[in-house]
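**Student:** Please find the sequence and the predicted model below.
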Amino acid sequence: RVARRRWRWPKRRKVAARPPIHLAPRPPLMVACLPFCGGRKPAAAGDKYAAHDSDVGSSASQPTQAPTGDRSPAPEKSARRAVGHRSPRLLNALSPQRRSNKAHVEAPLHAVGDMSSLPKVADLVAQHRETLKLVREHPDCAGLLGPEHDDIFLVRYVLSFKGDVAKSAAAVKNCITWRKDNAELLARIEALQAEVRQILPTGILPWRTKEGQPIQVAIPFAVDGKVWSTRNEKWHHEAGISNREVAFRICDQLTRESGHLVKLTIIQDLTGLSLTFVMQNRRLMQNQGKLSKLSEFLYPQMIQTVVITHPPSFAKTLYDIVKAVVSQRLMQKVRLGDTLAKICEEAKLTPDTVPAFLGGSNPWDAEWVPEKVKAHAKPAQVPATVKRV
């Protein structure tokens, strides 16, 4: 026989108390880098801004309020805070960047950028004067061109088709014919765009790139997928037309006002995109292919760069799927912005002009930005202009 032992709780062993840990002061190089890594830099003697908060993400344009009541910290806490011993979790909770994301913030219009690097329309027209004349005299354009089809309108086609007169004239004919046949759709673009924003979040940022080009942000996958299924293929096609038409009108207006050829920078945020959604909605991918082919003659020389942010884990598979349906011209302009530094480099932006929901430090917000994206907004820890030590 085997005697069964009665199970008992094991006795706890006494553990000696650990000695306190004394934190040594940080080296001067690390203290100098504290404003970029989540800490503080020691205040210099006589600095009148020493009492203000200098957390990461705080904007210089935000007014500071004087503290109320006696909240002076203890001497030992002040010494630790001067060296920069602050918890990253506490930084995220106290940072003005975090607080500003909870409410709608209207940002002022930033500088329009330096357009000196953009080509001048007058120089392009003078350079392609003979080609523009041949396009006007081509049989495909006979009786179609009106007063609104000036040199600024035609020079985009000449640039897109590398000076080929026949292809440029054919594209001009297709554009004018399509616009006449779809005049009713173009007349209600503004109302359609307001409806599209509620389902497919898309909008124009209130500032431009360093080169003065407008920025369009699209976050189409951060919404409920059931809403997509309630709309038919025709609605998705018209929604794509409205996004492109609004952007092209802005580029054309800025081109005529500035005298420089202005193009559009697109930031495509893929937050919420899954491989299951891609496989179940192949028709939407095919629709993007149709819109890409249509844009070649409707909106020539409109897109400068397409920056992809928050790419999914299956980015390589997605690239192969999109490459099969989208035009080759558009795929050559696609860039990957998986970090803040890459976004700033490809989109010609600075960290303070990248919205917080894209990984930047700008607290700008809009009603069309989904709450799912705002909840996952993380301010940048290191600006792109600062090298890591």
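**Tutor:** Structure received.
**Student:** Name the nearest residue to V217, ignoring sequence neighbours.
**Tutor:** Of all residues not flanking V217 in the chain, I267 sits nearest, at 4.8 Å (Cβ to Cβ, 6 or more residues apart in numbering). In this view, the C-beta of every residue, glycine as well, is placed from N, C-alpha and C.
**Student:** In terms of secondary structure, what does the helix or strand containing the one you found contact?
**Tutor:** Assigned by DSSP states H and E, I267 belongs to strand 264-269. Applying 3 or more Cβ pairs under 8 Å, 6 or more residues apart in numbering; DSSP states H and E, we find strand 264-269 packed against strand 214-218, helix 233-258, strand 303-309, helix 340-347.
**Student:** what does that strand contact?
**Tutor:** Residues outside strand 264-269 that contact it (Cβ atoms under 8 Å, 6 or more residues apart in numbering) are 209, 213-219, 222, 247-248, 250-251, 302-310, 337, 343, 347-348, 357-358, 373.
**Student:** Also stretch 178-189?
**Tutor:** 192, 238, 241-242, 245-246, 294, 297-298.
**Student:** C-terminal to the helix or strand harbouring F153, what's the next element?
**Tutor:** Using DSSP H and E, F153 sits in helix 151-160. Counting by DSSP H and E, the next helix or strand C-terminal to helix 151-160 is helix 165-181.
**Student:** Which positions in that following helix come out as buried?
**Tutor:** Within helix 165-181, the residues that count as buried by 16 or more other Cβ atoms under 10 Å are 165, 167-173, 175-176.
**Student:** returning to what we had before: turn the helices and strands packed on strand 264-269 into JSON lines, including distance to P201 and mean neighbour count.
**Tutor:** Output for those, formatted as JSON lines (distance: least, Cβ to Cβ, whole Å; neighbours: other Cβ atoms under 10 Å):
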{"stretch": "strand 214-218", "distance to P201": "7", "mean neighbour count": "21"}
{"stretch": "helix 233-258", "distance to P201": "11", "mean neighbour count": "17"}
{"stretch": "strand 303-309", "distance to P201": "13", "mean neighbour count": "22"}
{"stretch": "helix 340-347", "distance to P201": "18", "mean neighbour count": "21"}
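**Student:** closest one to R136 among the ones you listed?
**Tutor:** helix 233-258 (19.2 Å; Cβ to Cβ).
**Student:** and stretch 240-255, C-alpha only, in PDB?
**Tutor:** The C-alpha trace of stretch 240-255 is given here as PDB (Å, rounded to 0.1, in the frame of the first residue of the first chain):
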ATOM      1  CA  GLY A 240     -13.100  58.100 -55.700                       C
ATOM      2  CA  ILE A 241     -14.000  60.600 -58.400                       C
ATOM      3  CA  SER A 242     -15.000  63.200 -55.700                       C
ATOM      4  CA  ASN A 243     -11.800  62.800 -53.800                       C
ATOM      5  CA  ARG A 244      -9.700  63.300 -56.900                       C
ATOM      6  CA  GLU A 245     -11.900  66.100 -58.300                       C
ATOM      7  CA  VAL A 246     -11.700  68.200 -55.100                       C
ATOM      8  CA  ALA A 247      -7.900  67.700 -54.900                       C
ATOM      9  CA  PHE A 248      -7.400  68.600 -58.600                       C
ATOM     10  CA  ARG A 249      -9.400  71.800 -58.300                       C
ATOM     11  CA  ILE A 250      -7.200  72.900 -55.400                       C
ATOM     12  CA  CYS A 251      -4.000  72.200 -57.300                       C
ATOM     13  CA  ASP A 252      -5.300  74.000 -60.400                       C
ATOM     14  CA  GLN A 253      -6.300  77.100 -58.300                       C
ATOM     15  CA  LEU A 254      -2.900  77.200 -56.600                       C
ATOM     16  CA  THR A 255      -1.200  76.800 -59.900                       C
END
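**Student:** Low-confidence bits of the stretch 151-300 of the chain, can you list those?
**Tutor:** 225, 228-229 (pLDDT under 70).
**Student:** so what's V322 up against?
**Tutor:** 285, 288, 331.
**Student:** Would you list the phi and psi of it?
**Tutor:** According to degrees, to the nearest 10, the main-chain angles of V322 amount to phi -70, psi -40.
**Student:** Just the pLDDT at it, thanks.
**Tutor:** The confidence metric pLDDT takes the value 80 at V322.
**Student:** which residues touch A191?
**Tutor:** Here A191 is in contact with no residue (Cβ under 8 Å, 6+ apart).
**Student:** How about the contacts made by Y157?
**Tutor:** 135, 168, 171-172, 297, 300.
**Student:** Just name the closest of those residues to D151, please.
**Tutor:** Nearest to D151 among these, with distances taken as Cβ to Cβ, is V135, at 10.2 Å.
**Student:** Please determine how far that closest one is located from Q280.
**Tutor:** Separation of V135 from Q280 (Cβ to Cβ, to the nearest Å): 44 Å.
**Student:** More neighbours: the two, which one.
**Tutor:** A count of neighbours by other Cβ atoms under 10 Å puts V135 above the other of V135 and Q280, at 26 against 13.
**Student:** thought the more buried one was touching S160?
**Tutor:** No - contact between V135 and S160 fails when scored by Cβ atoms under 8 Å: they sit 12.0 Å apart.
**Student:** Now do the shared contacts for the two.
**Tutor:** Taking Cβ under 8 Å, 6+ apart as the criterion, V135 and S160 both touch S168.
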